[in-house]
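Visitor: fold the following for me, if possible:
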Amino acid sequence: MICFTVFIMIPVAAAFGLSFTYFNSLEPPRFVGWDNFRYMISQDLLFIKFALPNTFKFSVIVGPGGYIAAFMLAWLISILPGRSRKWFALAMYSPSLTGGVAMAIVWQPMLTGDR
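Guide: Have a look, this model is predicted:
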């Protein structure tokens, strides 16, 4: 909980607070309110032309697309015969399992004491 607070909650809160200020790293932050957001939506051409449409396209394609692909893959594996179903399920789940095994192999010698 301490690590989550120190490395996630505090930086997110600081970024949220700094988004309402004018900050150039040389002077202390000066509160400007919603001016940064007003500028970003009305005058920042890169944001309007590239960032906003790309974010929208990404969220529309990846969000539902990921759920549809996962459902279709699970359905295709479920209709396979028993023996091949096990091998396909193993092939799909093994990449997510190998990360933990690799971490255990790397960290175990470092964290164990004298044997």
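Visitor: C-alpha from now on. contacts and neighbour counts both.
Guide: Fine.
Visitor: residue ranges of the strands in this protein, please?
Guide: Taking DSSP state E, the strands of the chain run over residues 21-22, 30-31.
Visitor: how many neighbours does the nearest residue to Ala89 once chain neighbours are set aside have?
Guide: Spatial nearest neighbour of Ala89, chain neighbours left out: Ile77 (6.9 Å); criterion: C-alpha to C-alpha, 6 or more residues apart in numbering. Residues contacting Ile77 under the criterion other C-alpha atoms under 10 Å number 18.
Visitor: my read: Ile77 touches Leu90, true?
Guide: No - contact criterion C-alpha atoms under 8 Å: Ile77 and Leu90 do not qualify, at 10.6 Å.
Visitor: ok so, going back, highest mean neighbour count out of the strands of the chain?
Guide: Greatest average neighbour count among the strands of the chain goes to strand 21-22 (a mean of 16), per mean count of other C-alpha atoms under 10 Å.
Visitor: now what about it, what contacts it?
Guide: Residues outside strand 21-22 that contact it (C-alpha atoms under 8 Å, 6 or more residues apart in numbering) are Pro29, Arg30, Phe31, Val32, Gly33, Asn36.
Visitor: picking up where we left off before, dump the strands of the chain into a markdown table; add mean pLDDT and distance to Ala69 as well.
Guide: Compiled in a markdown table, the strands of the chain are given as follows (pLDDT from 0 to 100; distance: least, C-alpha to C-alpha, whole Å):
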| stretch | mean pLDDT | distance to Ala69 |
| --- | --- | --- |
| strand 21-22 | 96 | 42 |
| strand 30-31 | 96 | 45 |
